[in-house]
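In: sequence first, then the predicted structure:
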Amino acid sequence: MTIRSVGIIGAGFAGLSTAKVLRAFGFEVTVFEKELDVGGVWAASRRYPGLTTQNPRTTYALSDFPMPAHYPEWPSGQQVQAYLHAYAEHFGLIPHLRMSTTVESAVLDEEAGVWTVKARRAVAGLPAEVHRFDHLVVCNGIFSEPAVPQYPGADAFEAAGGRVCHTSQFNDAGEARGKHVLVVGYGKSSCDVANAIAADSASTTVLARQLIWKIPKKFMNVLNFKYLLLTRMGEALFKYIEPKGFEKFLHGAGLPVRNSMLGSVESVVTRQLKLREIGLHPGTPLETIARSTVSLVTDGFYEKVAAGQLGVRKGVSIRALQPGQAVLSNGETVPADLVVCGTGWQQQVPFFDASVLQRVTDARGNFRLYRSILPVGMPRLAFNGYNSSFFSQLNCEIGALWLANHLRGGLQLPPVGEMNAQIDRRLAWMEERTDGKHSKGTNIIPFSVHNIDELLQDMGLPLGALTRFKQWLGPVDPADYAVVTRQLLARHAHTPADASLAAQAA
Ligand SMILES: Cc1cc2nc3c(=O)[nH]c(=O)nc-3n(C[C@H](O)[C@H](O)[C@H](O)COP(=O)(O)OP(=O)(O)OC[C@H]3O[C@@H](n4cnc5c(N)ncnc54)[C@H](O)[C@@H]3O)c2cc1C
C-alpha cells in the first residue's frame with residue numbers, strides 16, 4: 001500500500017504551507033477550508049477591527065515568499081489574508097482547495113489504509129461529499145474555535161437586544177457606536193478591540209481577571225522589539241527543557257547576567273508605559289511573559305486609559321447578565337449592551353470519533369504529538385500548526401518539510417517508547433512552566449527557534465553556523481530557511497513519491 005493522496009483540514013498558514021510542500025514532494029493534496037477565504041486567523045470572517053500582526057512584517061513570512069515590501073511594519077489582518085491568497089495562487093494551490101467546505105468526519109480503515117472524509121459545502125441542500133485519502137494532516141489551527149463563557153442570564157440579555165460574542169466574531173466596529181461595551185480579557189485581541197471602539201462607544205471597559213505584561217513595539221520608542229525577543233538571544237533568556245551551549249551558561253553561572261538583562265527591560269517597560277501611574281503594573285516579574293503568550297502593546301491603548309477614554313477593571317469578571325446590564329464578580333452592576341470576549345480558544349478535533357481521540361490525546365485532552373506533529377501509534381495521521389510560537393508560520397513550514405521527509409521515508413524516528421517518554425517529559429515541563437496554560441500541549445512559546453532547530457536536526461539539515469550566529473544578534477529572517485526546501489528536494493529527487501511510504505504505512 002502506498003501513499004499518494006493526502007487530505008488536509010484547514011487553509012491557514014499551516015494548511016497552505018503543508019499543501020505547498022507536499023505537492024512539491026509529489027503528493028496529491030486536497031485542502032478543506034470551512035471559510036469563504038483562505039487565511040484562517042486572518043480570514044475576513046474572523047478579523048476584529050484593528051487586527052494587525054504581532055510580528056513585524058519581515059519575521060512573519062514563509063521562507064520563499066516574502067511579504068510585499070510596501071506592507072507596513074505590522075501588517076493588517078486584511079494584508080496577511082491577501083498575502084496568503086497570493087501564496088496559494090503563486091504555488092498553484094487554488095485548484096486543490098475546497099473552500100466553504102467543513103470536514104464533518106474522518107474515519108480510518110486501518111486494514112485498507114484509507115481515510116474516508118465526509119465534508120459539507122456551505123450550500124443548502126447539498127449532500128455531504130465523500131473523499132478518500134491515504135493520509136490525513138490536521139491543520140485546523142489552535143486559535144480557531146472560540147471559547148465564550150456561558151454567562152447566567154445571557155439569553156435574557158440577548159433577547160433584550162444585547163449581544164455576547166468572541167473577539168473573532170466581532171467584525172464591525174460600528175456595532176459598538178453609542179453602546180456600553182464590556183471587553184472581557186486583557187490579551188492582545190481584547191485590548192485591540194477596546195482601543196478600536198473606545199472613541200465611538202458610550203463606554204468601554206476592559207475586565208481583566210489578571211494583569212499581564214505587554215511588550216512595547218519599540219523600546220524607549222526607538223528599538224523595535226524584534227531585536228530583543230525575536231532573536232536566539234531573546235529566546236535563550238528563558239530556560240528550555242534541554243538548555244545547550246551558551247544557554248547553559250545563561251541559566252547557570254550566568255544567571256545574574258540574564259536576570260539583570262530581564263530586569264532592565266522590565267524597568268524600561270514600566271517607565272515607558274507609565275504602568276505604575278495608571279495602575280496597570282502586573283505585579284509579577286517580566287519573565288512571566290513567556291509562559292504561554294506574549295502580548296504586544298496596542299497603539300494608543302495606555303494613552304486612552306490615562307485619558308479616561310476607556311477603563312480597565314482589575315480582578316473583576318462577569319457574574320451574570322441582565323437586560324441592559326452586567327453583574328460583576330464584586331457585586332457591582334454596570335450598564336452593558338455588548339460583551340466582547342477575548343477569552344481564548346478551545347482545542348478540538350470534532351471530526352474524529354472517540355477511538356481516534358483516545359489515541360492522540362491524554363486523559364486531560366492534551367495532544368500527544370512527537371515533535372508536535374506525529375501522534376505516536378496512530379498511522380497515516382499528522383498535525384501541523386500545533387507548535388504555535390513567535391514565528392508560527394515558519395514552524396508550520398518547517399513542520400511540513402519534516403512531514404514530507406518522513407512520508408518519503410527520510411526520517412529515522414526513535415523507538416515508540418522513546419517518543420512516548422519524550423512526549424510525557426515535555427507535557428510535564430509545559431504544565432509546570434506555563435501553569436497549565438499551554439493550549440493542550442500545542443503552544444511552544446517562546447521556544448520557536450528551538451522547535452525549528454530540532455526539526456532540522458532530525459532531517460540532518462541544520463542551519464549554517466554563520467546564519468545561527470546572525471540569529472543570536474538579529475531577528476530571525478524566514479528567508480534563511482528557503483535553502484531547506486531546496487536541499488530536501490535534491491535529496492529526494494530520485495525517490496519515487498511513494499516508494500518509502502510502504503514502510504510508513506505498514
Ligand atoms: C489575533 C491573532 C493574532 C496573531 N498574531 C500572530 C503573529 O503576529 N505572529 C505569529 O507567529 N502568530 C500569530 N498568531 C497565531 C496564529 O494562529 C498563527 O500565526 C497562524 O496564523 C495559525 O495558522 P494555522 O493554519 O495553524 O491556523 P488557523 O489560521 O486558525 O487556520 C485553521 C483553518 O482551519 C479551518 N478549519 C478548522 N476546522 C475545520 C473543518 N472541520 N473543516 C474545514 N476547515 C476547518 C479554519 O476555518 C481555519 O481557516 C495570531 C493569532 C491570533 C488569533
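Out: Right, received. Where do you want to start?
In: show me what from the stretch 351-500 of the chain comes close to the ligand.
Out: F351, G385, S388, F390, F391, S392, Q393, C396 (Cβ under 6 Å from any ligand atom). Bear in mind the C-beta positions are built from the backbone N, C-alpha and C, glycine included.
In: most neighbours out of those, which is it?
Out: Highest neighbour count within those, by other Cβ atoms under 10 Å: G385, with 30 neighbours.
In: pLDDT on whatever helix or strand E454 lives in, on average?
Out: For E454, the host element (DSSP states H and E) is helix 448-459. Taken as a whole, helix 448-459 carries a mean pLDDT of 96.
In: stretch 466-482 too?
Out: The average pLDDT for stretch 466-482 rounds to 97.
In: can I get it in PDB, CA atoms only?
Out: Output of stretch 466-482 as PDB, limited to C-alpha atoms (Å, rounded to 0.1, in the frame of the first residue of the first chain):
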ATOM      1  CA  LEU A 466      27.100  31.900  10.300                       C
ATOM      2  CA  THR A 467      23.300  32.100  10.000                       C
ATOM      3  CA  ARG A 468      22.900  30.800  13.500                       C
ATOM      4  CA  PHE A 469      25.300  33.400  14.800                       C
ATOM      5  CA  LYS A 470      23.500  36.100  12.900                       C
ATOM      6  CA  GLN A 471      20.200  35.000  14.600                       C
ATOM      7  CA  TRP A 472      21.800  35.400  18.000                       C
ATOM      8  CA  LEU A 473      22.100  39.100  17.400                       C
ATOM      9  CA  GLY A 474      19.400  40.000  15.000                       C
ATOM     10  CA  PRO A 475      15.800  38.900  14.300                       C
ATOM     11  CA  VAL A 476      15.100  35.600  12.600                       C
ATOM     12  CA  ASP A 477      14.700  36.000   8.800                       C
ATOM     13  CA  PRO A 478      12.500  33.300   7.400                       C
ATOM     14  CA  ALA A 479      14.300  33.600   4.000                       C
ATOM     15  CA  ASP A 480      17.300  32.000   5.700                       C
ATOM     16  CA  TYR A 481      15.300  28.700   5.700                       C
ATOM     17  CA  ALA A 482      14.400  28.700   2.000                       C
END
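In: report the contact partners of the residue nearest to D337 when sequence neighbours are not counted.
Out: The shortest distance from D337 to any non-neighbouring residue, by Cβ to Cβ, 6 or more residues apart in numbering, is to K179 (4.0 Å). Contacts of K179 were listed using Cβ atoms under 8 Å, 6 or more residues apart in numbering, and they are S201, A202, D337, L338.
In: so which of these belong to strands?
Out: Among the contacts of K179, the ones falling in strands (DSSP state E) are L338.
In: go through the contacts of K179 and name the one nearest Q346.
Out: Nearest to Q346, judged by Cβ to Cβ, of the contacts of K179 is L338 at 22.3 Å.
In: what's near enough to touch that closest one?
Out: Applying Cβ under 8 Å, 6+ apart to L338 gives the contacts G162, R163, C165, E175, A176, K179, H180, V181, L182.
In: and the first one, how far from the ligand?
Out: Read it as G162. Noted for G162: a distance of 24 Å to the ligand, by Cβ to the nearest ligand atom, to the nearest Å.
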